[in-house]
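S.K.: quick one: sequence and predicted model below, then my questions.
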Amino acid sequence: MSNHLSSGSQPLEADLDRPLLTPIKRRSFFMYAGATAGATALVLAGCSKSDSSPGTIDVGSGDGGILNYAYALEQLEAAFYAQIKTGTYYTGLATGSAEKQIFDDLALHEGIHRDFLKAALLANSITPLKDLTPDFSTINFNDRTSVLNAAQTFEDTGVAAYNGAGRFISGNAYLALAGKIVSVEARHAALIRDLRTYNTFVASDVVNTFTPSAPAVAGQYAGEGTPNTTPNTQGNGNPGPGQERSKRPPVILQAVNNFLASGSKLSANSFA
Amino acid sequence: MDFFQLLSDLEKADAEFLDRINPRRRVFKYLGNAGQKITTAAVPAVLASFFNRAYGQSATLTAPVQAVLTLALQLEYLEYHFYNTALGIAGLIPSQETAAITTIRNDEAGHINALRAVLGTAAPTPYLVTDFDYSGGSGTGNGPMKNALIPGSTGNTNGALFFAAGQAFSDTGQRAYKGGAPVLNTTATKDILEAALNIHSVEARHNSHFRTVRRAIVANALGSAGAPAVSPYDAAPKSWISLVDNGGPTAPDGSKPASKVYGPGTPATGTPDASYPGEDNTSQAGVNLTTLGSTYTAAAISEAFDEPLDPATVKSIASMFTSTAGKAKGLFV
């Protein structure tokens, strides 16, 4: 199994011979996903596109691809929180203040996620994605508002990314690991949101709202109410009521690439 | 059997057929890429998958999937009735938090709506508030958390005990969804898995807010997320679980009614998808994370990962909050 993962998850440099690599990637993906699958979304997703976007590194396919996708996101988050510590917003925070506690913790958590994912990739004989070069030129690390805005973007993106990637994971051990991480990202996201604007921890831009109505039989609530049906233009349509607006990997990477330097930009063509 | 003719007939009979399949384009992908590979033998399975997706018939849900969704639904009722009841008790929830608890209640209502729809005819009769015992007394009405719904009672100034209970309930929920996710990871239930993940992260967001409010109550700074956490984190916790948060909130009688929420399940060791370590776990997938960096303390590592819980442990926690009437209905049994 790990052989299939390994062959399917090599980082694809943009200037490599794509016509050769792509069929290999797809074939190994089918071997991994299993030709017996009937209506499997995995197979369908694997078939949906055959070209890598120009100038990008593809995260690969199969569970190795998802692990590398997560590793890329955690690299970016860890780099962001490390850089916060160099700006005057962070250095000006009082010892023992809530915000200093929070950003100290976030830097540790994301560093741990990054290092764990790299260790897990290596332990499973999957080639880790290269060290990515971030581009944080749009963020002013000396300004609280700019830092908090960016932190919210990264955390919300992380939650939407893990949730949207879950369906592409075959191995339950990997799914379980993703679940252990995503709820921590959600905790981060909720707190950063509450720091920016209190009571926005589940605002409608990240969670689809639901308005319950009086039960048909008093006291017997059977789910009566109205889900928000406004399409989510930022992602993948509208999720069910009270649910996170998860996004598929290509949608996530479109946004994430804004924070990656040329040569480190990513694609996830196997996970559309 | 002419598969394409069948789809065409279905669309004539039910103009919304294709719209029911979500996402729509999957049908076209399916026909375009794999249609020619469908053998006669495969057609029934393929159709079953289509109909399941289109009409949400519960008959095709396997027993393990049904069990996970039913437990999830029961936990949503536990939360929904708790918040809904609290919103109706004057003076319980501080004014700064009324909007947040209303939103959380509405999210839980949405989860009930979604889970009932997926379960279809297999969904249980709606549970009543009287099916629960929010004192944590397993039906006695006299458990350690009985002040949580009594405004201004001992331990419950500014709703401190109410928010402590909310923290414990939503952490139980997030750990239960995490434990159930691998069961939902089948080719026929990927949409259900994604919905469960999208609920799971919302429970974690709720939990983060409950913890933020608890810090604010201790710091007398309601309506702000700027109050620091205070070690050992049982009364003024971080927004994430640090080790086992010193056993979780303390009840007025000095007990730790939520300690099992943060402890290990059964079994505590094994592969990530079949083991339920306590929240103080520092090893993931065989990697001892303390070896990865000199600044990676056990506390920081434990905070960076939330752990799943097994259904039996979840039920043993939740059944403390079930009334005799609820138990008779099989709630958390």
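M.R.: Thanks, I have the structure now.

S.K.: can you tell me which helix or strand B:A168 belongs to?
M.R.: In this structure, B:A168 sits in helix B:160-184 according to DSSP states H and E.

S.K.: which helices and strands sit right next to the very next helix or strand once past that helix?
M.R.: Following helix B:160-184 in sequence order, the next helix or strand is helix B:190-218 (DSSP H and E). Packing partners of helix B:190-218 (3 or more Cβ pairs under 8 Å, 6 or more residues apart in numbering or on different chains; DSSP states H and E): helix A:144-165, helix A:172-196, helix B:63-87, helix B:98-119, helix B:160-184. (Glycine included, C-beta is placed from N, CA and C.)

S.K.: relative orientation of the last one and helix B:63-87 in degrees?
M.R.: In other words, helix B:160-184. 160 degrees (axes from the mean of the first three to the mean of the last three Cα atoms, to 10 degrees).

S.K.: with the fourth one instead?
M.R.: Calculated by the same axes, to 10 degrees, helix B:98-119 forms an angle of 150 degrees with helix B:63-87.

S.K.: that older thread, out of the helices and strands packed on helix B:190-218, which is closest to B:Y127?
M.R.: helix B:63-87 (4.3 Å; Cβ to Cβ).

S.K.: so which of the helices and strands packed on helix B:190-218 is nearest A:S264?
M.R.: helix A:144-165 (15.7 Å).

S.K.: residues in contact with B:W240?
M.R.: For B:W240, the contacting residues are A:D105, A:H109, A:V184, A:R187, A:H188, B:S208, B:R211, B:E303, B:A304, B:D306, by Cβ atoms under 8 Å, 6 or more residues apart in numbering or on different chains.

S.K.: the closest residue to A:S204 other than its chain neighbours: how many residues sit nearby?
M.R.: Spatial nearest neighbour of A:S204, chain neighbours left out: A:N228 (6.9 Å); criterion: Cβ to Cβ, 6 or more residues apart in numbering or on different chains. If you count neighbours by other Cβ atoms under 10 Å in any protein chain shown, A:N228 ends up with 17.

S.K.: hang on, A:N228 packs against A:D205?
M.R.: No: using Cβ atoms under 8 Å, A:N228 makes no contact with A:D205, being 11.3 Å away.

S.K.: contacts only, for the residue nearest to A:S204.
M.R.: Per Cβ under 8 Å, 6+ apart, neighbours of A:N228: A:S204, A:N208, A:T209, A:F210, A:T211, A:N238, A:P241.

S.K.: of all those residues, which two lie farthest apart?
M.R.: Most distant of these, by Cβ to Cβ, are A:T211 and A:N238, 14.3 Å apart.

S.K.: and the strands in the stretch 201-333 of chain B?
M.R.: Assigned by DSSP state E, counting those that start in this stretch, the strands in the stretch 201-333 of chain B fall at B:283-284, B:287-288.

S.K.: tell me the strands beside the last one, with direction?
M.R.: For strand B:287-288, the pairing partners within the sheet under DSSP bridges are strand B:283-284 (antiparallel).

S.K.: identify the residue of the stretch 1-150 of chain B closest to chain A, quick one.
M.R.: B:G110 (2.7 Å; Cβ to the nearest Cβ).

S.K.: tell me the domain boundaries of chain B?
M.R.: Using automatic domain parsing, the domain parsing of chain B gives B:3-55, B:62-328.
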